[in-house]
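[1] with the sequence up front, the predicted model follows.
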Amino acid sequence: MSSKVRVAIIGVGNCASSLVQGVEFYRNASESEYVPGLMHVNLGGYHINDIEFSAAFDVDAEKVGYDLGEAIWRGQNNTIKFAEVGKLGVPVHRGMTHDGLGKYLSEVIVKAPGPTADIVKILKDTKTDVVVNYLPVGSEMAAKWYAEQILEAGCAMVNCIPVFIGREQYWRQRFEERGLPIIGDDIKSQVGSTIIHRVLTRLFQERGIELEHTYQLNFGGNTDFLNMLERERLESKKISKTNSVLSQMQHELGADDVHIGPSDYVPWLKDRKWAHIRMEGRAFGEVPLSVDLKLEVHDSPNSAGIVIDAVRCCKLGLDRGLSGALEGPSSYFMKSPPFQVSDERAHELTELFIEGKVGAACISDPEAFAPAAERRDVAPAQAATGEGVRLGSEA
């Protein structure tokens with residue numbers, strides 16, 4: 001068991017830049033103090049400074065061949081700079097393209113010459129523990145190709161994009177067979193449009209408000225939004241965001257009554273994202289009630305604050321011999337996990353996972369649940385929920 005978390009990155013874009021900057025920014029964070037921006041300074045024994053970058057892959061000629069610490073500032077990357085990053089001694093290797101470059105990205109990105117690097121060999125040689133998938137939305141073939149390489153190399157995976165891998169039984173079984181954990185799919189931001197919309201939808205439900213109509217419109221100026229101008233690449237993203245929100249309702253909402261998804265590309269916003277959320281419903285006496293909300297965020301740092309915990313949860317899974325989808329962390333960190341629960345419950349399960357009190361299948365295996373009130377290691381506040389927790393960890 002290594003005392004470090006060795007992380008490889010697929011796709012050295014804005015999200016990778018924010019993650020790399022974040023590891024540097026919080027390297028000396030105090031474990032004894034509240035640290036703004038972090039959910040956990042120390043997660044299960046792993047401090048932020050235990051994260052090491054082991055490998056990186058991209059197809060952009062502006063990045064391939066450069067040190068990761070340099071590549072995060074190159075090409076079309078335009079996220080905010082909040083930390084100085086020197087050379088990391090990690091070269092960016094030529095990755096696989098497949099369907100990774102769509103119509104609009106192909107107009108601004110020149111593919112690096114040369115063959116695809118031997119991904120499996122590099123991951124093995126660098127003793128990589130966890131691979132983070134940051135490919136562009138719509139990279140169905142490329143994401144699944146990389147998943148095969150990750151399995152062959154014996155690494156855990158954090159799937160940050162809406163290509164359904166961790167959610168799907170086929171892929172979960174593949175990771176189980178190899179004895180490897182996966183967290184997926186489609187990263188939630190710390191405080192982003194999806195989690196805000198989910199929480200408000202749950203609030204309507206719990207407070208007796210019938211939600212009748214809702215929309216969520218998102219636009220920004222990074223290459224993610226440029227890529228999603230190609231509507232054919234957008235299908236899985238819309239499915240992921242829509243299902244994530246609607247999963248918090250007990251009644252169905254008609255297809256014409258909900259619209260959730262990326263809307264447009266505004267170059268001058270750069271890596272900022274603006275989200276507009278509207279919800280219309282009926283309250284006491286069937287009196288109309290509506291909510292209008294605007295969210296402004298720097299898109300990539302908002303997701304890096306989640307990934308920095310996800311990679312450490314995956315390393316805990318490796319340390320404990322867990323395999324398949326880590327259901328608690330997946331439900332808290334991702335829009336499209338294998339199983340949807342409330343964010344409050346997902347948070348509880350994730351904390352229990354970190355403490356080693358639940359294993360991988362903490363949602364899907366009800367036979368291993370016990371009432372929380374019967375558990376001596378569960379606080380009274382948790383017991384009061386009446387929900388169960390999974391006993392022990394996986395074999």
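    Looks like it arrived, so ask away.
[2] drop to CA atoms for contacts and neighbour counts, all remaining ones
    Will do.
[3] quick check: residue 219 is in a strand.
    Yes. Assignment of residue 219 by DSSP: H, G, I helix; E, B strand; the rest coil places it within a strand.
[4] need the contact list for the closest residue to it other than its chain neighbours.
    Closest residue to residue 219 apart from its sequence neighbours, by CA to CA, 6 or more residues apart in numbering: residue 264 at 4.9 Å. Residue 264 makes contact with 218-220, 225-226, 228-229, according to CA atoms under 8 Å, 6 or more residues apart in numbering.
[5] for residue 132, the count of nearby residues, please.
    Counted with other CA atoms under 10 Å, the neighbours of residue 132 add up to 22.
[6] now the helices for the stretch 101-250 of the chain?
    Counting by DSSP state H, counting those that start in this stretch, the stretch 101-250 of the chain has helices at residues 119-125, 140-153, 169-177, 193-206, 223-227, 235-246.
[7] where along the stretch 251-395 of the chain do the helices fall?
    Listed in chain order (using DSSP H, counting those that start in this stretch), the helices of the stretch 251-395 of the chain are 299-319, 327-333, 343-354, 380-383.
[8] which elements pack onto the first one?
    The reference is to helix 299-319. strand 5-10, helix 14-25, strand 42-43, strand 130-133, strand 156-159, strand 181-184, helix 327-333 (3 or more CA pairs under 8 Å, 6 or more residues apart in numbering; DSSP states H and E).
[9] low-confidence ranges, the protein, go.
    Scanning the chain for pLDDT under 70 picks out 1, 366-395.
[10] which one of the contacts of residue 264 is nearest residue 195?
    residue 218 (13.5 Å; CA to CA).
[11] residues near the closest one, how many?
    21.
[12] quick check: residue 179 touching residue 320?
    No. If you go by CA atoms under 8 Å, residue 179 and residue 320 don't touch, sitting 10.6 Å apart.
[13] contacts only, for residue 60.
    Contacts of residue 60 by CA under 8 Å, 6+ apart are 75, 109-112.
[14] mind giving me the PyMOL command for buried ones among these?
    Here is the PyMOL command that selects the buried residues among the contacts of residue 60 (16 or more other CA atoms under 10 Å):
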select buried, resi 75+111+112
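[15] got JSON lines for the contacts of residue 60, with distance to residue 204 too?
    Output for the contacts of residue 60, formatted as JSON lines (distance: CA to CA, whole Å):
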{"residue": "75", "distance to residue 204": "43"}
{"residue": "109", "distance to residue 204": "44"}
{"residue": "110", "distance to residue 204": "47"}
{"residue": "111", "distance to residue 204": "48"}
{"residue": "112", "distance to residue 204": "50"}
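[16] ok, the contacts of residue 60 vs residue 313, which is closest?
    Taking CA to CA as the measure, residue 313 lies nearest residue 75 of the contacts of residue 60, at 30.9 Å.
[17] and that closest one, that one's in a helix?
    No. Counting by three-state DSSP, residue 75 falls outside a helix, being coil.
[18] pretty sure it sits against residue 62.
    Yes. Using CA under 8 Å, residue 75 is in contact with residue 62, at 5.2 Å.
[19] ok, back up a step: just the helices of the stretch 101-250 of the chain: most buried one?
    Across these, averaging neighbours per residue (mean count of other CA atoms under 10 Å) puts helix 223-227 on top, at a mean of 22.
[20] that one packs against which elements?
    Other helices and strands packing on helix 223-227, by 3+ CA pairs under 8 Å, 6+ apart, are strand 258-265.
[21] list the neighbouring strands of the strand it packs on plus their orientation.
    Using DSSP bridges, strand 258-265 pairs in its sheet with strand 210-220 (parallel).
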